[in-house]
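J.: Sequence and predicted model, in that order:
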Amino acid sequence: MKHGIDEMKKIAKEVRKDIIRMTAEAGSGHPGGSLSSVEIMVSLYFHVMDHNPKDHKWEKRDRFVLSKGHVCPALYSTLARRGYFHPDELLTLRKLGSRLQGHLDRKKLPYLETSCGSLGQGLSIAIGMSIGFRMDKKDQKVYCLMGDGECDEGQIWEAAMTGAHYKLDNLCGVVDVNGLQIDGFTRDVMNLEPLADKWRAFGWNVIEVDGHSLGELIKAFEEAGKFKGKPTVILANTVKGKGVSFMEHKAEWHGKAPTKEEAEIALKDLEALE
Amino acid sequence: MKSGLNPEMHLVKNLYGKVERIPTRNGYGDSLVELGEKNENVVVLCADLSDSTRASWFADKYPERFVEVGIAEQDMMGIAAGLAAVGKIPYVSTYGVFCTGRAWDQMRTTVAYGDFNVKIGGAHGGISVGPDGATHQSLEEIALSRILPNMKVIIPTDYLETKKATTESSKIYGPVMLRFGREKVPAITTEKTPFRMGKAEVYRFGKDVSVFACGPMVYEALMAAKELEKRGIDVRVVNMHTVKPIDEKAIIKAAEETGGIVTAEEHQVAGGFGSAVAEVVVENYPVPIKRVGILDRFGESGEPEELMVEFNLKSTDIIKAVEDVMRRKKR
């Protein structure tokens, strides 16, 4: 079932509120990058991907690999809001015995395709899935969400070479380009630019979009789906901490949870969003 | 108590004569070719070492199920996990130093934590890689892999056992690390020799000291036992091909019945096979132990046979260790 853009906007708002509630309740976590990646995950799970919340092992499902595992609050909320599990469970994030680990554990939460957390590893996994589908002549798609800071990791570029070498046009990477990593702006910590040229030079079809525009994202995913002979990477320009006034563009909110008071302000900010 | 070679192990008839020598890596290659025929889900990956790991034998026959990733072991480990995630049984093929060293985090976080059905073929294990020297002599992979939850670790003793172990690894779910070598080593087992994953096999009965060995060191242990028999010491020799899960019962039984243990491995003793055996002994039935293996040294260039002498990995070294344990038993 493909959801419309207006409906997805409301869902994205709920996911953002979940992220704040979850990290505030946990007392730790990664709200900044979770907030920047909301539209990417919502557009995939509510519009783009073929999948079945009633049967998470459905063999013909498309696959989503979250490589930047620290933004799992956004994924947990998206999965819950999509019907994989009850949203009440979201508040167990990071607590002993919870299925919602601080970084992804597919053994605990079976709706996840991978366990991820150590950066740089997801694109290789996605490539393995893409090659496997191609071997079996299956036409499923594989999506992989990375962070821009994550592109510091050498393995990303090993994988970028492999994806292009094998012409994996059933693979679509997304980089959440929020411009920040733990130690500061990506341009100061380790300059990635020209990022689009790098991906192009590695042999990928590159599409640049506003990563908070559901319309642009969906159009880019559709274009990626039709593109032949190369894998596509969508560089989604985003705002770290998007929607929360005091978190936007601030590296310090990469891995810090809001206090109860801060969470209340954040929820008000989010409620006031269009 | 029984003594001499265990007839149920069906070792080669001329064990103490001129035994045929075959590289264990050939067992990996031959098994992969057979698996390719039997199971269409078996796929093989390689990082620019397809000939020396024998992955090329599979690639020649099943090119559509062979994935060359170039010199990128970390990427290869992740790709293998992805292939496993969509139902394949991938065999990652590279040198032991690279799969457990270069790609350790990928082996840990992506493969073992994710519990993907990935099989890791670690070639060129041990000092006997020879002239290439320390950078390519893998002396740490037992330690690096056995500490990972969900991981199984197997070090077959010869060509046929490597073939059996590789084949068996395809039949169980979950990550498996296989260690094999480059050099020709004595082919001591036969088709009839049992291989049961997780089960140590007593190759020679003995009551005075037990030698637990893995890989080609089993042959050295058997030769040591034969020599020690002349000196009136009755040595039990156990082939412990599976280091994880380790056969605790066999170790405890040996400690109880023989009162002394020697371990033998072509690997650092720190954290390695000897440590794994010692952990079981000290927690359950402490007896004198001596570990034969690499003692906190990097390898170096040389001919394989020279290096085995230089690094004290010969039957003569096992003999000294057994005599040492015998002395300590009497104290």
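T.: Thanks, I have the structure now.

J.: ok now the helix or strand harbouring A:R200, how far from the chain's centre?
T.: Using DSSP states H and E, A:R200 sits within helix A:195-201. The chain centre lies 20 Å from the centre of helix A:195-201; the measure is C-alpha atoms, centre = their mean, to the nearest Å.

J.: Show residues contacting that helix.
T.: Helix A:195-201 has contacts (C-beta atoms under 8 Å, 6 or more residues apart in numbering or on different chains) with A:D148, A:C151, A:A160, A:V175, A:V177, A:L192, A:V206, A:E208, A:V233, A:L235. Bear in mind the C-beta positions are built from the backbone N, C-alpha and C, glycine included.

J.: Ok, stretch B:50-63 next?
T.: Contacts of stretch B:50-63 (C-beta under 8 Å, 6+ apart): B:25-26, B:28-30, B:32-33, B:36, B:44-46, B:49, B:65-66, B:68, B:91, B:93-95, B:121, B:123-124, B:182.

J.: hang on, the earlier thing: for the contacts of helix A:195-201, which one is nearest B:L83?
T.: A:A160 (18.2 Å; C-beta to C-beta).

J.: Just confirm the closest one contacts A:W204, I think it does.
T.: Yes. At 6.6 Å, A:A160 counts as touching A:W204 under the criterion of C-beta atoms under 8 Å.

J.: I'd like the next helix or strand past the helix holding A:R200.
T.: Taking DSSP H and E, what comes next after helix A:195-201 is strand A:205-210.

J.: Return the residues of chain A in contact with chain B.
T.: Contacts of chain A with chain B, taken as C-beta under 8 Å from any C-beta of the partner chain, map to A:63, A:65, A:105-107, A:113-118, A:120-133, A:135-136, A:154-155, A:158-159, A:161-162, A:165.

J.: in terms of contact, does A:S245 touch A:K268 like I think?
T.: No. The pair A:S245 / A:K268 is not scored as a contact, 9.3 Å apart, by C-beta under 8 Å.

J.: OK, contacts around the one residue in the stretch 151-300 of chain B that gets nearest to chain A?
T.: Nearest residue of the stretch 151-300 of chain B to chain A: B:G174, at 11.3 Å (C-beta to the nearest C-beta). B:G174 makes contact with B:D115, B:N117, B:N150, B:M151, B:K152, according to C-beta under 8 Å, 6+ apart.

J.: now those residues in a markdown table, with neighbour count and pLDDT?
T.: Shown next, in a markdown table, are these (neighbours: other C-beta atoms under 10 Å in any protein chain shown; pLDDT from 0 to 100):
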| residue | neighbour count | pLDDT |
| --- | --- | --- |
| B:D115 | 19 | 98 |
| B:N117 | 22 | 98 |
| B:N150 | 16 | 98 |
| B:M151 | 22 | 98 |
| B:K152 | 21 | 98 |
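
J.: out of these, which touch chain A?
T.: B:D115.

J.: residue ranges with poor pLDDT in the stretch 1-150 of chain A?
T.: Along the stretch 1-150 of chain A, the model assigns pLDDT under 70 to no residue.

J.: Would you map the strands across it?
T.: Taking DSSP state E, counting those that start in this stretch as the criterion, the stretch 1-150 of chain A carries its strands at A:63-66, A:142-147.

J.: Can you get me a residue count around B:D324?
T.: B:D324 has 15 neighbouring residues, counting by other C-beta atoms under 10 Å in any protein chain shown.

J.: Now it: closest residue in space that isn't a chain neighbour?
T.: Nearest in space to B:D324, with sequence neighbours left out and distances taken as C-beta to C-beta, 6 or more residues apart in numbering or on different chains, is B:K290 at 5.2 Å.

J.: What are the neighbouring residues in contact with B:P131?
T.: By C-beta under 8 Å, 6+ apart, the neighbours of B:P131 are B:S301, B:G302, B:E303.

J.: SS state for A:V174?
T.: Following DSSP: H, G, I helix; E, B strand; the rest coil, we place A:V174 in the strand state.

J.: show me the contacts for it.
T.: Each residue near A:V174 by C-beta under 8 Å, 6+ apart is listed here: A:I40, A:Y143, A:C144, A:L145, A:M146, A:V233, A:I234, A:A236.

J.: again, 6 Å this time
T.: Applying C-beta atoms under 6 Å, 6 or more residues apart in numbering or on different chains to A:V174 gives the contacts A:I40, A:L145, A:I234, A:A236.

J.: and the spatially closest residue to B:K329 that is not a sequence neighbour, how many neighbours does it have?
T.: Among residues not flanking B:K329 along the chain, B:G260 sits closest, at 4.8 Å (C-beta to C-beta, 6+ apart). If you count neighbours by other C-beta under 10 Å, B:G260 ends up with 25.

J.: ok, B:G260 touching B:D324?
T.: No. The pair B:G260 / B:D324 is not scored as a contact, 9.2 Å apart, by C-beta atoms under 6 Å.

J.: So what does B:I22 have for phi and psi?
T.: Per-residue torsions, B:I22: phi -140, psi 140 (degrees, to the nearest 10).

J.: who touches the nearest residue to it once chain neighbours are set aside in this structure?
T.: If the residues on either side of it in the chain are set aside, B:I22 comes closest to B:Y159, at 3.9 Å by C-beta to C-beta, 6+ apart. Counting by C-beta under 6 Å, 6+ apart, B:Y159 touches B:I22, B:T24, B:N26, B:G27, B:A187.

J.: Give the helix, strand or coil label for B:R291.
T.: What three-state DSSP gives for B:R291 is strand.

J.: Could you do the one 5 residues further on as well?
T.: Following three-state DSSP, B:D296 is assigned to coil.

J.: what's the burial count for it?
T.: Close neighbours of B:D296, defined as other C-beta under 10 Å, add up to 7.

J.: Spatially nearest residue to it (excluding sequence neighbours)?
T.: B:A270 (6.4 Å).

J.: Ok, A:V177 next?
T.: Per C-beta to C-beta, 6+ apart, closest to A:V177 is A:D148, 4.5 Å.

J.: so the one you found sits right up against A:G173, yeah?
T.: No. Here A:D148 does not reach A:G173: they are 12.0 Å apart, not a contact under C-beta under 6 Å.

J.: Tell me which of those two has more neighbours.
T.: Each of A:D148 and A:G173 had its neighbours counted (other C-beta under 10 Å), and the higher figure belongs to A:G173 (29 against 25).

J.: nearest spatial neighbour of that one, skipping sequence neighbours?
T.: A:V233 (4.2 Å).

J.: Just the element for B:L178, please.
T.: In the assignment (DSSP H and E), B:L178 maps to strand B:176-179.

J.: Tell me the strands beside that strand, with direction?
T.: Here strand B:176-179 has these sheet partners by DSSP bridges: strand B:119-123 (parallel), strand B:152-154 (parallel).

J.: got the CA coordinates for that strand in PDB?
T.: Taking C-alpha atoms only, strand B:176-179 is exported to PDB below (Å, rounded to 0.1, in the frame of the first residue of the first chain):
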ATOM      1  CA  VAL B 176      32.200 -21.100  10.900                       C
ATOM      2  CA  MET B 177      35.900 -20.300  10.700                       C
ATOM      3  CA  LEU B 178      38.100 -23.000   9.000                       C
ATOM      4  CA  ARG B 179      41.800 -22.800   9.200                       C
END
